[in-house]
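> predicted model and sequence below, questions to follow.
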Amino acid sequence: MIESCTTLYPNASTGLRVSEYARENSAPLSEKLVKYHDWVLATQHSAYWTISPLEAQMLIWQARMMNAKRVLEIGTFVGFSVATWCHAVGVDGTVTGLEKSPEWANLSREKLKQYGFDNAEVITGDALESLSKLEPEQPYDIVFIDAQKSEYPDYLQKIIDKSQPGQGKRLLRPGGLIIGDNAMRAALVADASDDNPATKTVPRTTANWDWDSVSRLQEFNKLMCTHARVDAMLLPVFDGLGLGRLRD
């Protein structure tokens, strides 16, 4: 089609039906992942922070398209997305999660073990500090960012700085993928006018969000697009996915 703007979602109810249709006609999640996601929805006050089943299906598909075996996740929440990557890379792959909250890190470890995802490590601490200390024996294939939105540009720059051509124990391999979740943030990065209902419904400040983060997400998207070593694609799916392929 020639239109850039999707014509599939004339209203919210149709959009939901389209998303459910897409989920039902994509490679299904494993029973373990379905149960894990159900647990998040049933028990977590901030369950909306986790990725959706359809996004999980897409991330698994993407990882397998790349034959990814090593994934780094920045911001694990309660571990469902870590479990998604564990499933994607298989039992011979590894996933490293970085989580600032000791409570969520411990809960992630507990639930990953409970649901049988044994190929993950969750590191507790500030993500930028943890990134500085990481020296993987083999570089990661994918880095998935889903943490503090105000720090997205800093995460991206740190990933690039620690993945220099010829560098030993580099973070991300040549051709590796950087994924920034929530890169559109309720479309606020593109439209903060009164035309966007989110200007009235998204809180100005919460424990993990303030509106200053909109400009930081814009900075992240711009850096992805303009950096000489990143081939970027910003997709208006879910809450926005910023994709960047790292090259040497």
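Cool, got the structure. Please read these numbers as outputs of a predicted model, since none were measured by experiment. Numbering: from 1, shown residues only.

> in the chain, where is pLDDT below threshold?
Along the chain, the parts satisfying pLDDT under 70 run over 1-8, 204-209.

> let me see the ranges of the helices in it.
Counting by DSSP state H, one finds helices in the chain at the ranges 12-24, 31-43, 53-65, 80-89, 102-114, 127-133, 152-161, 198-201, 212-226.

> any idea which of the ones you listed is most buried?
Across the helices of the chain, the average number of neighbours (mean count of other Cβ atoms under 10 Å) peaks for helix 80-89, which reaches a mean of 26. For the C-beta atoms, the positions are set from N, CA and C on the backbone; glycine is no exception.

> picking up where we left off before, using JSON lines, lay out the helices of the chain together with distance to Pro236.
As requested, those are exported to JSON lines (distance: least, Cβ to Cβ, whole Å):
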{"stretch": "helix 12-24", "distance to Pro236": "12"}
{"stretch": "helix 31-43", "distance to Pro236": "23"}
{"stretch": "helix 53-65", "distance to Pro236": "13"}
{"stretch": "helix 80-89", "distance to Pro236": "20"}
{"stretch": "helix 102-114", "distance to Pro236": "28"}
{"stretch": "helix 127-133", "distance to Pro236": "26"}
{"stretch": "helix 152-161", "distance to Pro236": "17"}
{"stretch": "helix 198-201", "distance to Pro236": "14"}
{"stretch": "helix 212-226", "distance to Pro236": "12"}
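
> Asp146: which of these is closest?
In terms of Cβ to Cβ, the element of these nearest to Asp146 is helix 80-89, at 6.5 Å.

> does anything pack onto the closest one? Which helices or strands?
If contacts are counted by 3 or more Cβ pairs under 8 Å, 6 or more residues apart in numbering; DSSP states H and E, helix 80-89 sits against helix 31-43, helix 53-65, strand 70-74, strand 94-99, helix 102-114, strand 120-124, strand 140-145.

> identify whichever of these lies nearest to Val189.
With Cβ to Cβ, the closest approach to Val189 among these belongs to strand 140-145: 14.9 Å.

> could you dump the helices and strands packed on helix 80-89 into CSV and include distance to Ala198?
Output for the helices and strands packed on helix 80-89, formatted as CSV (distance: least, Cβ to Cβ, whole Å):
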stretch, distance to Ala198
helix 31-43, 22
helix 53-65, 19
strand 70-74, 24
strand 94-99, 27
helix 102-114, 25
strand 120-124, 31
strand 140-145, 21
